[in-house]
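**Student:** fold the following.
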Amino acid sequence: MIEEIDAATSTFEDGRDLYELAREEGDDDSIREAWSQLDAAEQVVGRLEFRRMLSGPHDASSAIISINAGAGGVDSQDWAEMLLRMYARWGERNGFGVKVLDVQEAEQAGIRSAEIEIDGEYAYGYLRSEIGVHRLVRISPFDAQARRQTSFVSVMVMPDLGDDEVEVEIRDADLREDTYRASGKGGQHVNKTDSAVRLTHLPTGIAVACQAERSQHKNRATAMRMLKARLWALEEEKRQAKLDALQGEKKAIEWGSQIRSYVLHPYQQVNDHRTSLKVSNINAVLDGDLQSFIEAFLLARGAPSASAEAHA
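**Tutor:** Have a look, this model is predicted:
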C-alpha cells in the first residue's frame, strides 16, 4: 500500500510539473499527456480510498450468499433464481470462484432457496452491501392476464470463516446429520448416491445443506463451514453488533423492507434505497454489473463491520 501511495504521489508530481512546463511552451500534446498522468494518479487514490472501506476483520474473506424467496409466490421464486444468476455473474466478472452449494428447486418455476459460495479475497467485504430484501416489479410471465407483479427475495451474506479465523464450538451431540440424494441440475451423478448432506444444529434449529460435490465427505466439510458462519453471525447478533454489517436486519420479506428495487415495468430502473443511486440499464445489473451499487454503499457506510466488531 505504501508503494502504491508513493507511486501515486510521484505520478501526480510528474504530471503537475509536465503540465506547468507544457502550458508555458504552449505544447498541447504534452498538456494532454500531463492530464493523462493526473487522471492515472486520481484513479490510484480512488482505489486506495475504496480499499479503506474494506478494513473490517472479515472483509478479506470469501463469502457465502443465502437467497430465499419471499412474498410473491411463483414470481418470487423466479426472482430468487434471477438473483442467484446475478451474483454468480458478478463473481465470474470479477474473477472470483463461484460454486452453488445447495439449491431447493420450486415446483412450477425458479427456486425456493439457494446457497452460493463466492471464493476470493474481499468477496465478503464487497458483498455485505447486498444484505437485505430485493424487490422486483414487472409484468408477471406466469399471469395469464399479464398483470404487474411485485416480488420479494431476501439475501443474507456471511463471511466464509476458515478454521483459524474464528472459534465456534459445535458439539457432535448438538448435531443431526442427514444424507440424501442430490437433486436438480448437476449432471448424471446427482441421483446415484446419497452424497448430499444436511446438518441441523439442534440448540438453535439452524439447518444447512450442501450438494455441490460428488463426495459426501466434501459436502459435509462445506456444510460445517456454512454452519459455522451461521452460528458466528448469531453470536454477533447476541452481542448486539450492527446487524446490517454482519447478516442484515431481520425484516419480513415483503413491502417496506427492501434495500433495492428492480423495476421492469412501467419503466426500467434499479433504485438503491439506502444510497439513492439509480441505474437505468437494468439488464446489465441483472447480468452482474453491481460495482456502482457496491461502491456507493461502502463509501457511504465506511467500514461498519469493523466498528461493530470493535464494539462487541
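**Student:** which helices and strands does the strand or helix carrying Gly46 pack with?
**Tutor:** Per DSSP states H and E, Gly46 falls inside helix 28-52. Counting contacts by 3 or more C-beta pairs under 8 Å, 6 or more residues apart in numbering; DSSP states H and E, helix 28-52 is packed against helix 2-25, helix 291-301. C-beta: built from backbone N, CA, C; applies to glycine.
**Student:** pick the most deeply packed of these.
**Tutor:** Stretch with highest mean neighbour count among these: helix 291-301 (a mean of 17; mean count of other C-beta atoms under 10 Å).
**Student:** got the CA positions of that helix in PDB?
**Tutor:** The C-alpha trace of helix 291-301 is given here as PDB (Å, rounded to 0.1, in the frame of the first residue of the first chain):
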ATOM      1  CA  GLN A 291     -20.000  -2.400  -8.800                       C
ATOM      2  CA  SER A 292     -21.600   1.000  -8.800                       C
ATOM      3  CA  PHE A 293     -24.100  -0.100  -6.100                       C
ATOM      4  CA  ILE A 294     -21.400  -1.800  -4.000                       C
ATOM      5  CA  GLU A 295     -19.000   1.200  -4.200                       C
ATOM      6  CA  ALA A 296     -21.800   3.700  -3.300                       C
ATOM      7  CA  PHE A 297     -22.900   1.700  -0.300                       C
ATOM      8  CA  LEU A 298     -19.400   1.100   1.100                       C
ATOM      9  CA  LEU A 299     -18.300   4.700   0.500                       C
ATOM     10  CA  ALA A 300     -21.400   5.900   2.300                       C
ATOM     11  CA  ARG A 301     -21.100   3.500   5.200                       C
END
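**Student:** could you shift the numbering so residue one becomes 858, and keep it that way?
**Tutor:** Got it, the first residue is 858 from now on, which makes the last one we talked about helix 1148-1158.
**Student:** who touches that helix?
**Tutor:** The contact list for helix 1148-1158, computed with C-beta atoms under 8 Å, 6 or more residues apart in numbering, reads 906-907, 910-911, 951, 982-984, 986-987, 1102, 1117, 1127, 1129, 1131-1132, 1134, 1136, 1142.
**Student:** can we see that at 6 Å?
**Tutor:** 910, 983, 986, 1129, 1132, 1134 (C-beta atoms under 6 Å, 6 or more residues apart in numbering).
**Student:** just these: which are in helices?
**Tutor:** Secondary structure defined by DSSP state H assigns Tyr983 of the contacts of helix 1148-1158 to helices.
**Student:** which among the contacts of helix 1148-1158 gets closest to Ala945?
**Tutor:** Tyr983 (14.5 Å; C-beta to C-beta).
**Student:** so which of the contacts of helix 1148-1158 is the most crowded?
**Tutor:** Tyr983 (27 neighbours; other C-beta atoms under 10 Å).
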